[in-house]
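# Sequence first, then the predicted structure, then my questions.
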Amino acid sequence: MSVKQKEKPILEVKDLVAEFTTAAGRLRILDGIDFSLFPAEILALVGETGCGKSVTAKSIMNLLAEQVCKRRGKVMMDGVNLLDLSKKQMRSYLGRRISMIFQNPIASINPVFTLGEQIRRLVRIHMAGEITRVKSELGCTTAAAIDRLAAANLEKVGLTDVDQLMRAYAHQISGGMAQRYRIATAVLGNPDVLIADEATSALDVTVQAHILRLLKRLSAEKNTAIIFITHDLGIAAQLCQQVAVMYSGRIVEVAPTAELFKNPLHPYTRGLLKAVPQLSRKTGLEHIPGTIPDLRNPPSGCRFHPRCRQAMERCRRLRPPLVETKSHQVCCHLYDAGNKEAAWAKS
Amino acid sequence: GQKNIVYATSADVTTWDPSASYSTELTYMVNIYETLIRVNPPGSKEPFSYILTTGMQASDDGLIYTFDLRKGVKFHDGTAFNAEAVKLSIERTKKIGKGAAFIWSDLEKIEIINPYKIRFIMSKPVPLPQIAASAYASYIISPSVIDKEPAWFDEGHECGTGPYMLKNYRAGESWMLTRFKDYWGGWEKDQIDNILVKISNDSLVKLKMLLSGQAAIVNAVPSDSYKAVRDGKKTKVVYGPSYVNYIVFFNTARPPLDNVKVRRALAYAFPYKDIIKVAFDGKATHSRGIVPKGQFGHDERVFQYTFDPQKAKALLKEAGYGGKPLKLVMTYVAGNQAETRMAPLMKDQLKKIGVELELKPLSWPAQWELGKRAEKDGQDLFLLMWWPTYSDPYETLVSLLGTEKKTLWNFAYYSNPEYDRLIRKAYETVGTDRQAALEMYIKAQNIIQKDAPAVAIADAKTAIPALRRLEGIVVNPAYPGGLFFYQMRLR
Amino acid sequence: MGEVLIRTQSLRTWFPKRKSLLGKPGAWLKAVDDVSLTIYRGECLGLAGESGCGKSTLGRTILQLVKPRSGSVRFDGTALRNLDFRQLQPFRPRMQMVFQDPRSSLNPKMTMLKILAEAIRANPDHDGDSILDQAVELADMVDLRPEHLFRYPHEFSGGQQQRICIARALATCPDFIVFDESTSALDVSVQAQILNLIKRLKQRLGLTYLFISHDLNVLAQVCERIAVMYAGQIVEIQESGRLFSSPGHPYTRGLRDAVPIADPEAKQTFVSIKGEVPSLVDPPAGCRFHPRCDFADRLCATRVPELQRLERHRSWIRCHRYRQLNFNQERR
Amino acid sequence: MKDELKYKHLAEQAAREHRRERKIRTIAFLKRKSAAAALLVLVLITLAAVFAPLVAPYPDQGKGAVNLGERLQPLSGKHLLGTDTFGRDILSRLVYGARVSIFGGLFIVCAAALIGVPLGLWAGYSEGAPGVVISRIGEILISFPAVLIAIAITTVIGAGLTSAVIALIIPWWPWYARIIQGEVLRLKRMLFVEAAQMLGYGKSYILFRHLLPNIMRTVMVMMLLDFGPAIISIGLLGFLGLGTQPPNADWGLMVWEGAPNLMQQPWIAISPGAAMFILVMAFNIFGDNLQDYLDG
Amino acid sequence: MLPFLIRRLAGLVFLLLILTMLVFGLSRALPGDVAAMYVGLKAKPEQIQKARLELGLDKPVHVQYLRYMGRLLKGDLGISLRTHRPVARDLKEKLPLSLEIVLLALLISIALGLPMGVVAAFKRDTWIDSAVNMIGSAAVSLPIFFLALLLQLVFFNWLGWFPLQGRISTMMEFRDPLPAVTRFGLIDALLAGDLEYMADMAWHMFLPVVSLASIPLGLVARLSRSSLLEVMQADYIMAARASGVGETVLFFRYGLRNALSPVLSIMGLSMALMLLNTFYVEQIFNYPGIGYWALASIFSLDYPVLVAITLVLGAIYVLSNTIIDVLRRWVDPRIK
Ligand SMILES: Nc1ncnc2c1ncn2[C@@H]1O[C@H](COP(=O)(O)OP(=O)(O)OP(=O)(O)O)[C@@H](O)[C@H]1O
Ligand SMILES: Nc1ncnc2c1ncn2[C@@H]1O[C@H](COP(=O)(O)OP(=O)(O)OP(=O)(O)O)[C@@H](O)[C@H]1O
Ligand SMILES: [Mg+2]
Ligand SMILES: [Mg+2]
């Protein structure tokens, strides 16, 4: 954050809290999320299963039904808190300002309509201006203009044989193609923010590479800011400028990528990095002991303390504050004013 | 305008071929076709009315009958009626051999004397007038259609001399009887032009149709509703005699009903009065022998079983069935309203004398089929609704209890040579000496009452619910279910 | 080391694809097509390749869970292919498999104890009285506590479920275990736990593994040798270190380069293999990889390359041009 | 030895925990008003059926004894639901008729499951010929009107509740076979089946130890939801006179017997019809709730 | 698509073959003397014997069956034992009557049930939702004969809004019948331009159709609700929402089509169920269709009619399922 202080963030999430009401009672899934996203920035959001990455994404998009999930806090975009918007008001944001792609690309395409039908509808929704432009330029019908725009959008994400593709159904195409198609539909309204929720986890490495390259290009060309949610620290390292590490409903550390990998501050981040298998590393893997907390009765204080080797008495009682260092933001008692030295010493 | 009525009924048509007809289509047949003579209802001055004839002479030995035929009668297609038509019709019926054709089995030949005089020569002195007036197998058909197959008729074609013609036949659903302009009897004011027949098996529907005025006449309403219809402002019930009676056969071929005492015990245990009240709305008579009241052969001298549980118990004890309850099975027709009401009453009473009666309602074919095979392993009691084909007790007596090589109707599996001989003799005597025949019939019936292979429960009455506006409804038991629309007047 | 535990020879597993009207297969899906490989006792052989290339099928064929169409599998000297159900039974406990999806591998209606007991009983020479003791021992071996034995699968986390699966595989005292993507559904930290466990067990019990994964990083952690599979065929078998430093096959290289490295310094560009995975029903003629290969020439398009033995012991490659191509340089 | 005791203790504790959890869930389930109401209705009717001789005001009339003195009485204190054409107390007959509905329905559903489930298991597990043959037979039986089957059976063994029940089971079990077959085909792809195969266990072992426990839930829900249709079907056959025979009570038969009097004495037909409606509705609501609860 | 249709057709032929064998075999194996029934009440032994020869009943069963099949191929279904009319002819008259009310009932159950389910899903957990749920449960729980009687009692006896029975007013029956073009009464009346006739017929059909429609209506309403709710949870709905597709389009266009497939399957079942239910409904409303005929034939063990009806019902069952499957493929291209 400190690097880009001069720029204004395009998206700011402040103290986002999400609570689910389930049969088991109220679950506080998000426990105060804070981060900012700057134009053209790719931010990685990493963390273990169930730590709330997807809920964060869906909360930002305002996609969760109010009855199931109560949210507090702010998701600021252009000075507007998205959480305050009604479904109807939200429509002027979704797809236009902020968009999202999901883990399973095939499942996120409606199986009973052709790809063409679906993308055409989105063209109609988001590209009204272009449609009239193309119509007047080429002197064709609206339908033809829509077709043309749809095809152009598909070609932009590197899909070939577009005519045939538009006539295909979701189950007839490969995962890689499906994800390209989803990206095409997601960025068709030129959103400023794209959230990619594990967008490549279901794909092969070779296909994943293509998709990652595509996203990188997109971000560079269109100034789209991307939140890339992933398990894979490799992707975070290679694709993103900033990395946010999440643990059980909180972001425990945010830092520029190089900084984070070189100098992880939070004990959880450190553990995570040591657990990543790497071709080059010959030494054995280390793992974080214990398991992720049960959200039905989360640990008091710092939610990570039961698994933390450096846990102190304070960690058990107090929720750690957000501490800003030169390049990091970290949520840990080790970096409280009084404790700083101790922490540095230990690391 | 026209006088139209709706007749709602369950009496469906099994065939339109007058030679083969032997079932409920009789209702319509008597309006479309005619017989040479017609039996009059009991209590009439004359035993017969002349229809297609004007006179009849019998020889003393009862073997030769000569008829004078009516002149100026036309068939529905315009063909003239004459002796040839009569001869061809009867011969066709005999040849086809379906339905009630057996009534002509003692006919030797028919001689045409002139176009309007014809002679029937019999091999035995059987009661030919009754036969010629039979509700089945005695209709005169136009020579123009005499060669047609039954299938032709079954499509809804006809060609008779009757006052009504058939129109718009929709099998199992509805059809119309419409006035034959050139009917020899001529037409008067208020006679009915069209009768729409609507088939309905549901007595409730028929009741509602009648009450709402949709139907002018129906063949039945729910048993408990007769009072309401009878007392209705616009509706009435016309009662009349009927030859329909309900008979219980005892399986004499196997224990315990092979024991006459047990059979008699049962006969004393049936609640005749209750049955008449609940099943027949009080409008039936306690049977006296298996020949129904009103028919020739029915007589006060025939012994009658009455409801007497004490006696029944005593008889059972005598037969050695005093202690443990006796288990018996009774079959009856599931759809028959009277029978479904009789059965529980019988069961209830028999229980009181220590007989456990299991009720087994079946469809008619199933009941019949079981009855035919049942000597060893079928029902013990067989409840039958019966009506004679023609107005002579012989058919009833021989069919139901005469010795049979293969069971057809004798569900008692009863055989008594003396009885067989007696009724045959009576049958052959009736043409010449009616009184002697009657004595023989009474004797035969008393044999039955003593042996008790079967006991008749009730002789039904015909009850015809109709609108009060519809007059002239005449019940003629010789034509069971037959409605003579020609006699009716709609005011 | 050096003793052969498993040897397959020209193994072919074809699945009938869509039946014609008469019920005869119209076409075959050649999931495994001409695979010959050797697994030595005590080693861990990795199996890498893209999704759908037949990795799982190969593993299952070796274990005789699917019957091959032709070729042979020898386990400890015995040809397994022609054995019937009964004859196969003594071999079953000696070979086990651990799947990718632990949740579906555990019967939701059985407690962990029942699951383990079932496996223990499957071993013909198990000690009948002490099933509970053995179960406790097994639980201990996979770092679960005895009280876990009485829980149902849905009461465990994903990592714990995978531990149960491993314990079940161990219960029969096998010689050989196939791990089919056993860690790919897990989080990194849990994955690390499981990988460590697997490695530890191998050392402790002297097991032999076939370790299937699409994640080369993971394979590098546990395997001595790695086989790379492409469209039903093995294209290369290499010692794991060499495979990364100097991959022989263009496909292997492409695969290697596509894996993101968790080190921002590495500066990867995500240049990857072009094109899509070929259909297994009618794979390309010649070298199956040639349509996607940057180095293919005419020969590659027409002639099927043989799996050739490299100079180095226990290394094989299936490529016409591997001598010309030298990917010896370190990764870019 | 000591260890064993300890494990035994642990096992007991686990079981206790399980029971407690189930209890909590059950209580939550019963807190749903509709479920509780439905269950109450079911329990009441079942109790009435079981203790018919005690519950019915006139037990012998419930069994068919006539009482000509009190024919066609309207509702009154003496006869809460009036009397029928034989003077029998309708309430008593309803109570006895409940036996037919409940036990007949129970029998049909159980028998259909007992036939259908094993066949479905077999068809699903062995694929190939048995699967095809069983599903073909099922298809044929399903497309065969039950009334005709009832007729056929009636002509052989006579009309009665037994024939009606048999006639309904015949086209009923294929549904179970069909659903179970699908379920087995699904479960068969689960990896635990393969795991068991790998341990050397044979088909029947896997079928009964692994697949069967996993389909029991489906079967239970299906049986519960089938109860209503089964009861109605018995009623339908009773209505046609192909089911229970008079003078025994059966709700369908009672509607049929009462139908001719619908205009003057509507209570005769309406009470059994309404009773059947309430019972079936209770089963349906309870089944729906249970399904929700098991799925959720 | 074509191979699929061919396969289904082959299946149909196979099914009919088995059905004929079964029913034919049953009709011969079961007690009940076909010849005696043919001759009718009070038949004499020699008449029965004659009929036996006439009907070919003296031949071995397989010969009889082959003969029957031979005639069947020519469209001859034999002769009714009860009415002695060609079965095929009656079938031609009565089947359309029943199909007409069954199809109308199907139409109504969809036209009402689907919107009910959709609205309930859309207004999930509101009073509308619970009302639809209640109505749906009640509709499937009503025994059909009871419902029919109740409708008669209320709408004829008490309110007098609808006629009691039959398919047209008796007044109309005194007029000449309409030319039978399609044999569907309403359509024929429309073709003949006789709107009065048509209205009268529709008025008579109302109560039978309502009775028939009750169960399918409940099924469709409940199923479309639950299916739609399930579909609305799917990833692709979430994805479309995230791309800015409006809620109404999402629900009524994207969601509905996905939810339709199970609803369609239940319609195939409903069709078969309703055809069986005509047995009761037509009896109660005195509606002269195939159900009424079947029931009358059942009680008189009119085997040729029963065989024919079984065949027709079997064929309709398979055909309607085939149509439904075609529709489902059209709605959902994933179905293979
Ligand atoms: N609709 C819901 N109702 C109740 N709980 C939910 C719901 N959606 C998510 N959760 C819970 O919220 C927690 C966080 O879920 P989320 O999907 O955000 O995790 P994630 O970090 O995306 O995990 P993964 O890496 O597996 O995708 C989980 O414990 C999950 O069970
Ligand atoms: N039982 C089977 N019947 C038919 N086809 C099958 C069967 N099992 C696998 N296949 C097919 O064989 C091919 C190879 O499958 P396999 O599961 O071996 O691939 P894989 O390399 O393990 O892929 P993944 O990485 O996705 O697990 C696939 O196209 C698959 O569809
Ligand atoms: Mg997620
Ligand atoms: Mg696999």
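Right, received. Where do you want to start? Ligands and ions are numbered 1, 2, ... in the order given.
# Next, residue B:395: phi, psi?
Phi and psi for residue B:395, reported as degrees, to the nearest 10, are phi -60, psi -50.
# my bad, residue B:40
Note on residue B:40: backbone dihedrals following degrees, to the nearest 10 are phi -90, psi 160.
# got it, and residue B:243?
Dihedral angles (degrees, to the nearest 10) for residue B:243: phi -100, psi 10.
# Am I right that it is in contact with residue B:477?
Yes - contact criterion CB atoms under 8 Å: residue B:243 and residue B:477 qualify, at 4.5 Å. Where C-beta positions appear, they are placed from N, C-alpha and C, glycine not excepted.
# Please enumerate the shared neighbours of those two.
In terms of CB atoms under 8 Å, 6 or more residues apart in numbering or on different chains, residue B:243 and residue B:477 are both contacted by the residues B:292, B:294, B:295.
# Strands - which of these land there?
Of these, none are assigned to strands by DSSP state E.
# Please tell me how far the residue of the stretch 101-250 of chain E found nearest chain D sits from chain C.
The stretch 101-250 of chain E approaches chain D most closely through residue E:146 (3.3 Å), counting by CB to the nearest CB. As defined by CB to the nearest CB, to the nearest Å, residue E:146 lies at a distance of 41 Å from chain C.
# ok, and residue C:133, which helix or strand is that part of?
Per DSSP states H and E: residue C:133 is located in helix C:131-141.
# should've said residue B:156
Applying DSSP H and E, one finds residue B:156 in no helix or strand.
# Tell me the secondary structure of the residue of the stretch 51-200 of chain C found nearest chain B, please.
Closest to chain B within the stretch 51-200 of chain C is residue C:109: 48.1 Å, counting by CB to the nearest CB. Using DSSP: H, G, I helix; E, B strand; the rest coil, the structure places residue C:109 in coil.
# ok, for it, nearest residue in space, not its chain neighbours?
With sequence-adjacent residues excluded and distances taken as CB to CB, 6 or more residues apart in numbering or on different chains, residue C:109 is closest to residue D:213, at 4.1 Å.
# now swap in residue B:328 and tell me
Counting by CB to CB, 6+ apart, the nearest residue to residue B:328 once its immediate chain neighbours are dropped is residue B:380, at 4.1 Å.
# where does the one you found fall, phi/psi-wise?
Note on residue B:380: its backbone torsions stand at phi -100, psi -40 [degrees, to the nearest 10].
# quick one, phi psi at the closest residue to residue A:265 other than its chain neighbours?
Computed as CB to CB, 6+ apart, the closest residue to residue A:265 that is not its neighbour in sequence is residue A:330, at 4.6 Å. Here is the backbone geometry of residue A:330 (degrees, to the nearest 10): phi -140, psi 150.
# same deal with the one 4 residues further on?
According to degrees, to the nearest 10, the main-chain angles of residue A:334 amount to phi -60, psi -30.
# So it sits against residue A:309, correct?
No - the pair residue A:334 / residue A:309 is not scored as a contact, 11.2 Å apart, by CB under 8 Å.
# So between those two, which is more surrounded?
Legend: neighbour count by other CB atoms under 10 Å in any protein chain shown for residue A:334 and residue A:309, higher for residue A:334 (24 against 10).
# what does the model give that one for pLDDT?
Note on residue A:334: pLDDT of 86.
# Any figure for the gap between it and chain D?
According to CB to the nearest CB, residue A:334 stands 38 Å off from chain D.
# So which residues lie in contact with stretch D:32-49, not counting its own?
By CB under 8 Å, 6+ apart, stretch D:32-49 touches D:29-30, D:55, D:95, D:98-99, D:101-103, D:275, D:278-279, D:281-283, D:285-286, D:289-290, D:293.
# Restricted to strands, list the residues you listed.
Per DSSP E, strands hold no members of the contacts of stretch D:32-49.
# Quick one, which of those are buried?
Using 16 or more other CB atoms under 10 Å in any protein chain shown as the burial test, the contacts of stretch D:32-49 include D:29, D:55, D:95, D:98-99, D:101-103, D:275, D:279, D:281-283, D:285-286, D:289-290, D:293 as buried.
# out of the residues you listed, which are inside helices?
Counted as lying in helices by DSSP state H, out of the buried ones among the contacts of stretch D:32-49, are D:29, D:55, D:95, D:98-99, D:101-103, D:275, D:279, D:281-283, D:285-286, D:289-290, D:293.
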